[in-house]
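Undergrad: Sequence isn't available, so here's the structure alone:
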């Protein structure tokens, strides 16, 4: 009895509400620290990118377009459905702030959105699938609390990125109201997609499926903005998409905060919903789970080569669907865009300065847009090679590599499957744009379109080489280094072209070495050099990959 | 194929300052089951990874049936492997994983594979995502044994299996040995090692501290002797091989005996012994002496 009394006395303080609350807070803080540790590198990159890109374009504004615009050109620009569709509604281009928002806003918003949902899915569903949350959840913090704390860290990073962009605009001497509205808009777009990633991670049971579903939402949001901007009758669609809402704010002209209020609501809904959904599912389970039994599908299991194709098939179909939708739209716009530019030579000059030269012909117009295809192609190859690195870390390659197969064969198989996927995506883009052009009667042949889309493949080869080099030497950075030539190269290209930076800065970007095919003949030297660098990087990666220990 | 199923000479692996494996010399004869024992971090998994060519040795060499372990295309035709922690593609069913491993591996006896699936009671129509640790291990075990490869490298293959499946595993290993296959079995389950292995190798801090036949291993170690006497308790302190002498009272003593027992027996024979009990060390006792600080 005495012992029992003693035990009760000892355990009593730990059961007191005050102690529990303090410990609970400590546990919650530990989860936030964990999320920060997993996030800060990526967050630092997007925050610096938002600040630097905005600062460079805003301060370089005078050097490029500042004095060239007049009211008439602006009116023409704002009236063109095609211009509005592709670049967003141009407002206040006569000010450094307005021009910077128009030029960098969409790109930064897409980068922030993509980083937010990919990151959230990775640190929530990815960690949970890997079994690491089992330990976490044995502690005091509940699943909804863990989800919302991870989400909060990403939202905080988005806010910092928005603040960096706003700060850069203010520092460049533009009006504070416009700067704040633009920064807030960027942050809210990031928050919407962080929330989207968190919701899809509750609904779907695998990391890939959740990331794919979030990417589909991003694609639809962009398309809704494009349709809302381009088709008068559907202008309301802009109120339903984050990208439309930030455009409707019209920083540096109307400075309307109302769309940002709607955007705030759009952000709060998924952010609030994610923990609610998390509370009503099993750990490692999902709202829509895969069937627990099914018949075997034995196709493409015969060798490492076919198995690489099998694993690439589903992601390829996802990417192909998105690319087909986007390039179908490009094709549909092929007739109106060059006509508009011919009637507005002043804007053609502006487009030229901003890196979209030759837009007055159908071929020139599609060539400019085919160049953008290098970004999804580069991202596709980077993501595929990152999947191989992920399989290695997860220990899935052990059973394969204990068969009588060489590591090099495994890597070659993956590289070939990825390259075939990239070629397939290029063919998809060419076919979709030709189809779109055919519907509106624009003169674009399939071979011409194909020559244009295949022309960007060297950038994909460069990305693949960088990804393989990373796999051989720094396997943790495969996705980042693999996507760098395409995504980083594009952002550098845009920034350099819009800021009057020295010429050599622009030439670092692979985009500087792509000719506007089919409007012009391909830049054979550029193609050869990009391909060679890609191959050399790839060979360096092969050496590292065959020499290093596998995880 | 000639020579031992597996041989290493001076095999070493360093990760920075840490020496995970230090000059390992080891052989597994054809048809032999060798148990590889050691505490966590002793270098067991490193040994297996070096044998598989997944990691490169810092120095030394290894052969699988006279083929260099680094020549994976040749060496891996002769072996199958079961990792401690089996990772499968989450979206693929057990049947699909088995099919993939059969097509990529050194060849598979499909009839035997179907038999093993039934014996291990593996539901192959479930996606790997829904498998427990034990079920994932069963997939790897079925795939490995179905190859009928001459050498099986098993790295803690039963850590997730229930006792019934553990019995199935033991039966399958015995069948493999009867078929002339060799097995390297790394395990923490000492009763499993005791039941299956011909010889045992003990690793500690990356070094091989013992390799011996199971019976010899026991002999190398101290037996516990308990004796009671009708008359005077003899003086045993100075007798060679006697250690840890304890007087239990009422003419009873207990001591540990190592090495040849002749001297101790002679000392006992000189007195009036009423009872004598000699307990052979269990494998657990043997390994606790290695695992503990006394084994260095």
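TA: Received, thanks. These figures come from a predicted structure and were not determined experimentally. Numbering: from 1, shown residues only, chains lettered A, B, ... in the order given.

Undergrad: going forward, measure contacts between C-alpha atoms and count neighbours the same way
TA: Will do.

Undergrad: Please list all residues in contact with the spatially most central residue of chain A.
TA: A centroid search over chain A (Cα atoms, centre = their mean) returns residue A:114, at 3.5 Å, as the residue closest to the centre. Contact analysis of residue A:114 by Cα atoms under 8 Å, 6 or more residues apart in numbering or on different chains lists A:193, A:215, A:218.

Undergrad: from those residues, which is closest to residue B:173?
TA: Using Cα to Cα, residue A:215 is the member of the contacts of residue A:114 that lies nearest residue B:173, at 48.9 Å.

Undergrad: Shouldn't residue B:253 be within a strand?
TA: Yes. Under DSSP: H, G, I helix; E, B strand; the rest coil, residue B:253 sits within a strand.

Undergrad: How about it, nearest residue that isn't a chain neighbour?
TA: residue B:247 (4.5 Å; Cα to Cα, 6 or more residues apart in numbering or on different chains).

Undergrad: In three-state terms, label residue A:188 for me.
TA: Residue A:188 ends up helix, using three-state DSSP.

Undergrad: For chain B, see how far away it is.
TA: 34 Å (Cα to the nearest Cα, to the nearest Å).

Undergrad: I'd say that residue and residue A:158 touch.
TA: Yes. Residue A:188 is within contact range of residue A:158, at 7.5 Å (criterion: Cα atoms under 8 Å).

Undergrad: Can you list phi and psi of residue B:154 for me?
TA: Backbone torsions of residue B:154, given as degrees, to the nearest 10, read phi -120, psi 110.

Undergrad: Low-confidence stretches in the chain?
TA: Just going to use chain A. A:1-24, A:62-87, A:346-347, A:350-360 (pLDDT under 70).

Undergrad: other chain: chain B
TA: Using pLDDT under 70, chain B drops low at B:1-2, B:219-220, B:292-296.

Undergrad: quick one: contacts for the spatially most distant residue from the centre of it?
TA: Computed with Cα atoms, centre = their mean, the maximum C-alpha offset from the centroid of chain B is found at residue B:231, amounting to 46.1 Å. By Cα under 8 Å, 6+ apart, the contact set of residue B:231 is B:251, B:271, B:272.

Undergrad: Which of these sits closest to chain A?
TA: Distance to chain A, by Cα to the nearest Cα, is smallest for residue B:251 among the contacts of residue B:231, at 39.9 Å.

Undergrad: dump the residue contacts of that closest one.
TA: By Cα under 8 Å, 6+ apart, the neighbours of residue B:251 are B:228, B:229, B:230, B:231, B:232, B:233.

Undergrad: Apply 10 Å and report the result again.
TA: B:227, B:228, B:229, B:230, B:231, B:232, B:233, B:234, B:273, B:274 (Cα atoms under 10 Å, 6 or more residues apart in numbering or on different chains).

Undergrad: and if you look at residue B:81?
TA: A:398-399, A:401-403, B:48, B:52, B:140-141, B:143-145, B:149, B:151-155, B:157, B:184.

Undergrad: Checking the residue farthest from the centre of chain B next. Helix, strand or coil?
TA: Residue B:231 ends up coil, using three-state DSSP.

Undergrad: what's it sitting at in phi/psi?
TA: According to degrees, to the nearest 10, residue B:231 has phi -110, psi -130.

Undergrad: Sweet, I'm off.
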